[in-house]
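K.L.:
need coordinates for the below:
(2 chains)
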There are 2 protein chains.
Amino acid sequence: MLKISKKGQLMPESPIRKLVPYAEAARARGIKIYPLNIGQPDIETPDVALNAVRNYDQKVIAYSHSAGNITLREKLVEYYKTVDIDVAADQIIVGAGASEALLFAFQSIMDPEDEVIIPEPFYANYIGFATNAGINIKPIFSDIESGFALPPIEDFEKNITEKTKAILICNPNNPTGYLYSKEEMESLRDIVKKHNLFLIADEVYREFTYDGKTHYSAMYLDGIEENVILIDSVSKRYSACGVRLGWLVSRNSLLIDTVMKFAQARLSPPTYGQIAAEAAVNTPAEYFVKVKEEYLARRNAVVEGINNIDGAFCPNPEGAFYVVARLPIDDSDKFCQWLLEDFNYEGQTVMFAPASGFYSTPGKGKDEVRISYVLKVEDLKSSIKVLDEALKVYPGRKQA
Amino acid sequence: MLKISKKGQLMPESPIRKLVPYAEAARARGIKIYPLNIGQPDIETPDVALNAVRNYDQKVIAYSHSAGNITLREKLVEYYKTVDIDVAADQIIVGAGASEALLFAFQSIMDPEDEVIIPEPFYANYIGFATNAGINIKPIFSDIESGFALPPIEDFEKNITEKTKAILICNPNNPTGYLYSKEEMESLRDIVKKHNLFLIADEVYREFTYDGKTHYSAMYLDGIEENVILIDSVSKRYSACGVRLGWLVSRNSLLIDTVMKFAQARLSPPTYGQIAAEAAVNTPAEYFVKVKEEYLARRNAVVEGINNIDGAFCPNPEGAFYVVARLPIDDSDKFCQWLLEDFNYEGQTVMFAPASGFYSTPGKGKDEVRISYVLKVEDLKSSIKVLDEALKVYPGRKQA
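P.N.:
Reported below is the predicted structural model:
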């Protein structure tokens, strides 16, 4: 009998996708599903990006530079200037999505059994990248009661061992939407400096901030220039998830040289994605004004809607386009499956991501779901109505 | 001091790309360089593929299925029928190039310290993928005197240990151009069956066969249906290296389920590459007739040209668009660098890949270079002339 690897056995199934077969079966029964389980926005990709691809006139679609086209990297340097981040083109390595960039970062700074500390709940695929790299995630619990603010720095401190090589944050956060403050970022700076760790900052939702708040990048932090590894992407910023174009930024030249070796081994990032990304940087400012207005209205609809449901609670996060909500349920995996298998309200149901998949501590997140507010306000309101009705009849409902 | 990983230190620099700075300096001095170092064809990407991307009219470039669009995978099933390979869409997982597909295969069947046997010389990036996966390559020497035929099966046999999980071949071969015969493939079948190993077959050059020979796919082999992992790509077939679109095919459902978990962790393969690939399958047959005629003429020009040089030897391979030639030189790394740094003939020089980078056994390939015949015949003839003149004055020339 041919065997697969231990690593292959350990790789997690995507918690976001494991409900897909149940959704397909529901659709086959004629049920309308509101898909709030995945971070795939319905926002249109900017025309400037789409047109750049349509007008690309090379006759041979050739390998690009392994670090990405220099014209793209120079354009990204321009983009960063607009958000007060000063970097050079040779401090950027482009990948097939932030996914590849983050995996390169993990592999470049950690060997099997090394550890990265991440506040939980965290983006589920981090578990996949960590398993892939053979490293361990040390989760630090962040509390829904505080809106998922940065956990006390002592909690980080006591989890640092000689195997700890990095702290990873996602800011604004997926799945919680939490936007870290300047003070929180500074406390992270102090601890990575003290313990000589890398600070990996996944800032792919940088532009999505609300209530007048602005994003405080890890790249602003003084004194840890060599420690910060920025992970970024066009996927969410320009609603272009499918082009698979992300990148890594670092002022640490040894790190860049190392990542470059991983980048060379896979030859180059996707050409068309690079063309789209380079053009996307020219997206007019009003695009973001409209998009942010839209997301703000959506967030308000979701947060208000959830908090009006008896026994449910949702913080009011200031970034990204996700919330993690607490529901009066026994088990979010069961509940989300039940919504698809056994429930409909007037022929409709809703798909959430069970929050358990965003925690690595077993048992956490069992009464929480992640909601991606990637549909129009009207659809979100209908979704909340469906949820409200579902909770009235769900057999595993918890009583107050 | 922040440290990078051991793995990052071990990752090889691309032997194909390490000469690039010398080439840039030569160009800056006004030297014309014939780039025969890299497998980037000058052949045009088929219009049908380019136009499909130009006409793609989705408003949101969204994530695709993690295994690739079903329409693409169904089209690939059609393609395989044309080469007598019977597979199903759910036996295919699409990746960002054959590179990603091969890395997924390595990770799915091997854990760190496991071993894969590969006839050497072999495609240099296999070392990068192996280092990335933490596994070891056991090279089996194939001899330029035999044209790099499959080494005796006893040489495989005596290198099999309990850590051996797979044999990997590239057919037709990069870097040697060697086309494995049906008999050679059958001897591989027997050994993988006997020792219960995976047979990974990198067949991205399938269409490029000459002298009336046809390709014998690993997928034709009876009795090892569960063992074979096919790696494939549009990069070379349709001269579309930049789209980063490759895939893996296997009839082993446990393997497919495992690879799928790695695929899900990085969400999806590039959308535009998938659009190009799906359309490329419709490339008219005459495209290949012309392309093969062109490559055949090129191969003949290179093989004849090299064999006319005093002290040089080049086999006459029947596939792909590479040859490995033996030259009367002390050290191919030094020689290839010297060609760029210290030599020109009438303002021209030539860039080869030192063959040492295609061997993992230290010291092998020192008097060999890989030549990619990716330029027009006239340019190839000029390149050979440059080589001939260079060998007359190269200080490290070996005397007969």
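K.L.:
not counting sequence-adjacent ones, nearest residue to the residue of the stretch 101-250 of chain A found nearest chain B?
P.N.:
Nearest residue of the stretch 101-250 of chain A to chain B: A:G128, at 2.9 Å (Cβ to the nearest Cβ). No exception for glycine: its C-beta is placed from N, CA and C like everyone else's. Nearest non-adjacent residue to A:G128, counting by Cβ to Cβ, 6 or more residues apart in numbering or on different chains: B:A265, 2.9 Å away.
K.L.:
how close does that neighbour sit to A:K385?
P.N.:
Noted for B:A265: a distance of 34 Å to A:K385, by Cβ to Cβ, to the nearest Å.
K.L.:
center of chain A, which residue is that?
P.N.:
Among the residues of chain A, the one closest to the centroid is A:N174, at 4.3 Å (Cα atoms, centre = their mean).
K.L.:
can you pull the contacts of the residue nearest to A:G128?
P.N.:
When contacts are counted by Cβ atoms under 8 Å, 6 or more residues apart in numbering or on different chains, B:A265 touches A:M11, A:P12, A:S14, A:S99, A:N125, A:G128, A:F129, A:T131, A:N132.
K.L.:
check A:H65 too.
P.N.:
A:S268.
K.L.:
swap in A:S99?
P.N.:
Applying Cβ under 8 Å, 6+ apart, the residues near A:S99 are A:N125, A:F129, A:R244, A:G246, B:A265, B:R266, B:L267.
K.L.:
that one and B:A26: what is the separation?
P.N.:
In terms of Cβ to Cβ, A:S99 sits 37 Å off from B:A26.
K.L.:
state the three-state secondary structure for A:D232.
P.N.:
Of the three states, A:D232 takes strand according to DSSP: H, G, I helix; E, B strand; the rest coil.
K.L.:
which strands or helices does the longest helix belonging to chain A pack on?
P.N.:
Longest helix in chain A by number of residues (criterion: DSSP state H): helix A:285-307. Applying 3 or more Cβ pairs under 8 Å, 6 or more residues apart in numbering or on different chains; DSSP states H and E, one finds that helix A:285-307 makes contact with strand A:322-326, helix A:377-393.
K.L.:
tell me which of these sits most buried.
P.N.:
strand A:322-326 (a mean of 24; mean count of other Cβ atoms under 10 Å in any protein chain shown).
K.L.:
so does that strand get close to chain B?
P.N.:
No - using Cβ under 8 Å from any Cβ of the partner chain, strand A:322-326 stays clear of chain B, coming no nearer than 15.6 Å.
K.L.:
ok, then the element right after that strand?
P.N.:
helix A:332-341 (DSSP states H and E).
K.L.:
give me the residue from the stretch 201-350 of chain A nearest chain B.
P.N.:
Counting by Cβ to the nearest Cβ, the stretch 201-350 of chain A gets nearest chain B through A:A265, at 2.9 Å.
K.L.:
coming back round to it: adding distance to A:L2 and secondary structure, write the contacts of A:S99 out as TSV.
P.N.:
TSV is the format used below for these (distance: Cβ to Cβ, whole Å; DSSP: H, G, I helix; E, B strand; the rest coil):
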residue	distance to A:L2	secondary structure
A:N125	27	helix
A:F129	26	helix
A:R244	31	coil
A:G246	34	strand
B:A265	23	helix
B:R266	24	coil
B:L267	28	coil
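K.L.:
quick one: the strands in the stretch 51-200 of chain A?
P.N.:
A:92-95, A:115-120, A:136-141, A:164-170, A:198-202 (DSSP state E, counting those that start in this stretch).
K.L.:
closest to B:I117 out of those?
P.N.:
For B:I117, the closest of the strands of the stretch 51-200 of chain A is strand A:92-95, at 30.4 Å, according to Cβ to Cβ.
K.L.:
give me the residues contacting that closest one.
P.N.:
By Cβ under 8 Å, 6+ apart, strand A:92-95 touches A:67-69, A:72-73, A:76-77, A:101, A:104, A:245-249, A:256, A:259-260, A:263, A:269, A:274, A:277.
K.L.:
mind redoing it with 7 Å?
P.N.:
Residues from elsewhere that reach strand A:92-95, judged by Cβ atoms under 7 Å, 6 or more residues apart in numbering or on different chains: A:67-68, A:72-73, A:76, A:101, A:104, A:245-249, A:256, A:259-260, A:263, A:269, A:274.
K.L.:
what about chain B: which of the residues you listed touch it?
P.N.:
Intersecting the contacts of strand A:92-95 with the contacts of chain B gives A:P269 (criterion: Cβ under 7 Å from any Cβ of the partner chain).
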